[in-house]
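Peer 1: I would like to see how this sequence folds:
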Amino acid sequence: MRTRETDSAGVNVEVVTRLEALQPSHRGGAVAVGNFDGVHRGHQRIVAALVQQARQVSGPAVVFSFDPHPAQLLRPQEAPSPLCWPQRKAQLLAQAGAELIVLYPTDEALLTLEPEAFFRRIVVESLGARALVQGGNFRFGRGRRGDIHLLQRLCQEHQVELTVIDQARVDHLVVSSSLVRRLLQQGNVALAARCLGRPHRVRGRVVPGRRRGQRLGFPTANLEQIPVLVPAPGVYAAWAYVPQGHWPAAVNVGGNPTFGEQQLKVEAHLIGFQGELSGQELELDFVERLREVQAFADAEALTQQLAQDVQRAQRLLRSSPWRPQSPTPPA
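Peer 2: Now for the predicted structure:
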């Protein structure tokens, strides 16, 4: 299957989900293989080098990725929560410069290929790669037995130019998808954003709630069907994206202990928005953690704190380096 994904900035990329759908024009370029979950700064460095190598060999810049993550099949109980959904991953890779994304539907046949067989089938036969770009910690093939040293030998044997990219660092930390997940699970969305090169984004569908926030003067959009990792419980400043545009938001992740509710929920108050959102898709960029979730003595105390949360969220978002590019439409 072949599709095209276009993001809000108009970046267009071709996405292929079956090897049989590859065209002659897709072959003979530069290739990078990996999960690319989150498309963080390390991934962006790989794609930047990929684009350069593609120009050198006069071919396409191709990213071969997987959907779902191989761990979903191999160790489903231990599989990490994804950092972005497939369409967003394709869009982010396109923004980084990739021209073709292969989102291969992970299956047992692929996961049981020995490293040499994987290299031959994917890199040589399917993509006809003339150049390969990988990080130094790249592993491939059955049981992740293939490492960068084996990859160097295979590339020499098949006359594929190999470029190895050093890992990216932020505050002396090696950037990785695992690091980003750990930061989000700690509620440190600000450092996670620096590692990603943008805020972590979640997406969900707005469903009806108890409308308690509306009665307190702070109506919220309640999100369900969220396909990616949600940050740790807390109150956050975020940018909210809905079909009508984008708005600054104060977001509560967690329960509502003031009213005895412990169920984890994601509730977003879009500051200045007026209208009905139920049934719509809503996306949130988590910019800064404001405070922990806590119980208050009564509804009045909670209302006073919510007013402070909204003011602080507005102030932080106004000066944030992660401001959306286009202006907010009128409510």
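
Peer 1: what's the average pLDDT for the longest helix seen in the chain?
Peer 2: With secondary structure taken from DSSP state H, the chain has its longest helix at helix 299-318. Across helix 299-318, pLDDT averages out at 92.

Peer 1: in the chain, which spans are helices?
Peer 2: For the chain, the helices defined by DSSP H occupy 41-57, 71-74, 86-96, 108-111, 115-118, 148-157, 177-185, 189-196, 212-215, 299-318.

Peer 1: using TSV, lay out those helices together with distance to residue 264 and mean neighbour count.
Peer 2: (Glycine included, C-beta is placed from N, CA and C.) Compiled in TSV, the helices of the chain are given as follows (distance: least, Cβ to Cβ, whole Å; neighbours: other Cβ atoms under 10 Å):
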stretch	distance to residue 264	mean neighbour count
helix 41-57	29	20
helix 71-74	22	15
helix 86-96	23	22
helix 108-111	32	12
helix 115-118	39	17
helix 148-157	40	15
helix 177-185	13	19
helix 189-196	16	22
helix 212-215	16	15
helix 299-318	18	16
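
Peer 1: out of these, nearest to residue 17?
Peer 2: Smallest distance to residue 17 across the helices of the chain (Cβ to Cβ): 9.1 Å, for helix 86-96.

Peer 1: next, the angle from that closest one to helix 41-57.
Peer 2: Here the directions of helix 86-96 and helix 41-57 differ by 60 degrees (axes from the mean of the first three to the mean of the last three Cα atoms, to 10 degrees).

Peer 1: helices or strands next to helix 86-96 in the packing?
Peer 2: Helix 86-96 sits against strand 2-6, strand 12-16, helix 41-57, strand 61-67, strand 100-105, with contacts defined as 3 or more Cβ pairs under 8 Å, 6 or more residues apart in numbering; DSSP states H and E.

Peer 1: ranking those by mean pLDDT, which is last?
Peer 2: Note on the helices and strands packed on helix 86-96: strand 2-6 shows the lowest mean pLDDT, a mean of 57.

Peer 1: so what's the residue count around residue 35?
Peer 2: By the criterion of other Cβ atoms under 10 Å, residue 35 has 19 neighbours.

Peer 1: that should have said residue 286, apologies.
Peer 2: Here the number of neighbours of residue 286 (other Cβ under 10 Å) works out to 26.

Peer 1: before we move on, back to that, tabulate the helices and strands packed on helix 86-96 (TSV), appending distance to residue 177.
Peer 2: Shown next, in TSV, are those (distance: least, Cβ to Cβ, whole Å):
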stretch	distance to residue 177
strand 2-6	21
strand 12-16	20
helix 41-57	8
strand 61-67	12
strand 100-105	16
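
Peer 1: of the ones you listed, which approaches residue 287 most closely?
Peer 2: Short answer: helix 41-57, nearest of these by Cβ to Cβ, at 17.2 Å.

Peer 1: what does that closest one rub up against?
Peer 2: Residues external to helix 41-57 that are found in contact with it (Cβ atoms under 8 Å, 6 or more residues apart in numbering): 28-32, 34, 36, 60-63, 93, 96-99, 130-131, 133-135, 161, 163, 165-168, 170, 174-176, 195-197.

Peer 1: tell me how far residue 80 lies from residue 68.
Peer 2: Using Cβ to Cβ, to the nearest Å, residue 80 is found at 11 Å from residue 68.
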